[in-house]
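Student: Please work out how this folds:
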Amino acid sequence: MKHRSTFALNCVQVFGQDADVRSIERGFTLVEVLVAIVILAFGMLGTVGMQAFAIQANRDAKLQSQAVVFARELAEMMRGNKEIAVKTTAAANPYLVTSMTMATPSFCMRVANASTGCTSTLDVASAEMTDWLARVAAELPDARVTVCFDGAPFDANGLPQWTCNATGADEIVFIKIGWTRSSTDKSQTGSAALERASDSGSRPYVVFPVTSGNAL
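Tutor: Sure, this is the predicted structure:
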């Protein structure tokens, strides 16, 4: 009887140890699954962040390309109307602007005005700029445009600047375009996360030189 009791006790101990081991193994498996889920979650968050960054980069690239197209278009208009484009004052040259508004908008190129049309090269320049500025404002968020004769479009550090400094007779025209975009400094939050097209907010993103040639 004593031997049977000892055998039974040993069996119970062995079976009990096996049950404990299985419980521990099941516990380790659960921890591994949880760790895998956490790692997967971090990976998915990283993927989402990369996708968001890629979308923003594509948007910035699209706006940059569109601004270059606008600058090239305006340069061609100025070359096509160089009688006006070579003049150095805004009153005589509507192509020269320092904001998104014009002193005297013109709509003589509209179809509704086909019977009268533009009666002078000055009217043509005003009408072209009226249409061009309207399209720039529609395509670029909070756009800013400066078109001026400038001898120093870049500062001492080689960075583009909004101010114009026409000190000589041989200066050429520069088309400067900027707009509001997200800051490249990702630590910025709120309003600081946006770079606005202003003297203090940001620099021109497009600086396009124009040589209109001699007057006719």
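
Student: Let's see the pLDDT reported for residue 183.
Tutor: Listed pLDDT for residue 183 reads 69.

Student: Show me the shaky parts of the protein.
Tutor: Low-confidence segments of the chain, defined by pLDDT under 70, are located at 1-28, 101-103, 111-115, 168-169, 183-193, 199-201, 213-216.

Student: what about the helices in the protein?
Tutor: 2-80, 82-85, 121-139 (DSSP state H).

Student: Please identify the most buried of the ones you listed.
Tutor: Most buried of the helices of the chain by mean neighbour count (mean count of other Cβ atoms under 10 Å) is helix 82-85; its value is a mean of 20. Where C-beta positions appear, they are placed from N, C-alpha and C, glycine not excepted.

Student: Show me what it is packed up against.
Tutor: helix 121-139 (3 or more Cβ pairs under 8 Å, 6 or more residues apart in numbering; DSSP states H and E).

Student: for the helix it packs on, packing partners?
Tutor: Under the contact criterion of 3+ Cβ pairs under 8 Å, 6+ apart, helix 121-139 touches helix 2-80, helix 82-85.

Student: what residues does that helix touch?
Tutor: 63, 66, 70, 73-74, 77, 81, 83-85, 92-95, 97, 100-102, 104-109, 118, 143, 145, 177 (Cβ atoms under 8 Å, 6 or more residues apart in numbering).

Student: next one: stretch 52-70
Tutor: 132, 135-136, 139-141, 177, 179, 181-182, 205-206, 208.

Student: I figured residue 161 hits residue 155, correct?
Tutor: Yes: between residue 161 and residue 155 there is a contact under Cβ atoms under 8 Å: 5.0 Å.

Student: more neighbours, the two?
Tutor: residue 161 (19 against 11; other Cβ atoms under 10 Å).

Student: residues contacting the more buried one?
Tutor: 152, 153, 154, 155, 203, 204.

Student: how near is it to residue 127?
Tutor: 30 Å (Cβ to Cβ, to the nearest Å).

Student: Please apply the same query to residue 39.
Tutor: Relative to residue 127, and taking Cβ to Cβ, residue 39 is found at 62 Å.
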